[in-house]
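Undergrad: I need the structure of the sequence given here:
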Amino acid sequence: MTTLCYAKKTCSIGIHVLLEEIGTPYDLRIVDFSKGEQKTPEYKALNPKGKVAALVRQDGSVITEFAAIAMWLSMTNPDKKLMPTDPEGIVRTIEALDFIVGTVHMLSWRMWRRPDAYLDDPVGQELLQARGKAAMLGALDVVDAQLAGKEYLMGDFSIADAALYYNEYWAVDVAGWTLPENLQVHYERMKARPSVQASRSLEGVA
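TA: Alright, predicted model coming up:
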């Protein structure tokens, strides 16, 4: 059975949503970051990067990194239509994933959420947090414009929306920020999906 290595308030939220969308049985392995479980020899033997998400497939092999896992899930479950099949749609999905995961998440949110990972100086950390918030909100404005006139980023639900959802969740439910109009509508639409409701239950949010 497929196993998802999952930690709360991480990008593994989005992979959990996709597994719920697919609907086949899977196991969850909770990795408690507050206890440093991602740094243990046992976990690093599974994923030397010491990160989540990590997906352990039925043959025991492991896939890491959100975009790679999401694309593998979509390609191995074509009936779920988690990604467009035409070349233009595929490229645009990868484009959206790269921006959301690489810029909205790693280059922006991480500065706000974990300034201590970059600096020891408290004053510097405050400045970095402010820069991270401004960068993330600016990046979300770009995505907001891409959503104009559409229910989902690719028109229909796709793996890109699962990536966007976990960033929306962070912005609203973790940081307490206000989303731009199109993103807020998208966020509410996502929260109505049973897969996301299952995710929010796991996260302990309404």
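Undergrad: check which helices and strands the longest helix along the chain sits against.
TA: Across the chain, the longest stretch assigned as helix under DSSP state H is helix 122-146. Applying 3 or more Cβ pairs under 8 Å, 6 or more residues apart in numbering; DSSP states H and E, we find helix 122-146 packed against helix 87-99, helix 110-113, helix 159-169, helix 181-191. No exception for glycine: its C-beta is placed from N, CA and C like everyone else's.
Undergrad: who touches that helix?
TA: For helix 122-146, the external contacting residues (Cβ atoms under 8 Å, 6 or more residues apart in numbering) are 96, 99-100, 103-104, 107-113, 115-116, 118-119, 153, 164, 167, 171, 175, 177, 179-183.
Undergrad: buried ones among the residues you listed?
TA: Buried residues within these, counting neighbours by 16 or more other Cβ atoms under 10 Å: 96, 99-100, 103-104, 108-109, 111-113, 115, 153, 164, 167, 171, 179-180, 182-183.
Undergrad: how is the chain carved up into domains?
TA: 2-80, 87-193 (automatic domain parsing).
Undergrad: averaged pLDDT, the longest one. What do you get?
TA: What that stands for is domain 87-193. Mean per-residue pLDDT for domain 87-193: 97.
Undergrad: related to what we said a few turns ago, so can I have TSV of the domains of the chain showing distance to residue 205?
TA: Output for the domains of the chain, formatted as TSV (distance: least, Cβ to Cβ, whole Å):
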stretch	distance to residue 205
domain 2-80	10
domain 87-193	5
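Undergrad: for residue 41, which of the helices and strands packed on helix 122-146 is the nearest?
TA: helix 110-113 (25.0 Å; Cβ to Cβ).
Undergrad: for the closest one, C-alpha coordinates in CSV please.
TA: The C-alpha trace of helix 110-113 is given here as CSV (Å, rounded to 0.1, in the frame of the first residue of the first chain):
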residue,chain,number,x,y,z
ARG,A,110,9.6,30.2,4.4
MET,A,111,11.1,33.6,5.1
TRP,A,112,8.0,34.5,7.1
ARG,A,113,7.5,31.2,8.8
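Undergrad: packing partners for it?
TA: Applying 3+ Cβ pairs under 8 Å, 6+ apart, one finds that helix 110-113 contacts helix 122-146.
Undergrad: on that earlier part again, just give me how far the longest helix of the chain sits from the chain centre.
TA: 17 Å (Cα atoms, centre = their mean, to the nearest Å).
Undergrad: next, the buried residues of it.
TA: Under 16+ other Cβ under 10 Å, the buried positions of helix 122-146 are 125, 128, 132-133, 135-137, 139-140, 143-144, 146.
Undergrad: can you check stretch 13-28 too?
TA: Buried residues in stretch 13-28 (16+ other Cβ under 10 Å): 13-22, 26.
Undergrad: do the same with stretch 155-162
TA: Going by 16+ other Cβ under 10 Å, stretch 155-162 has these buried residues: 157-162.
Undergrad: same check on stretch 81-96?
TA: Quick answer for stretch 81-96 (16+ other Cβ under 10 Å): 82-84, 92-93, 96.
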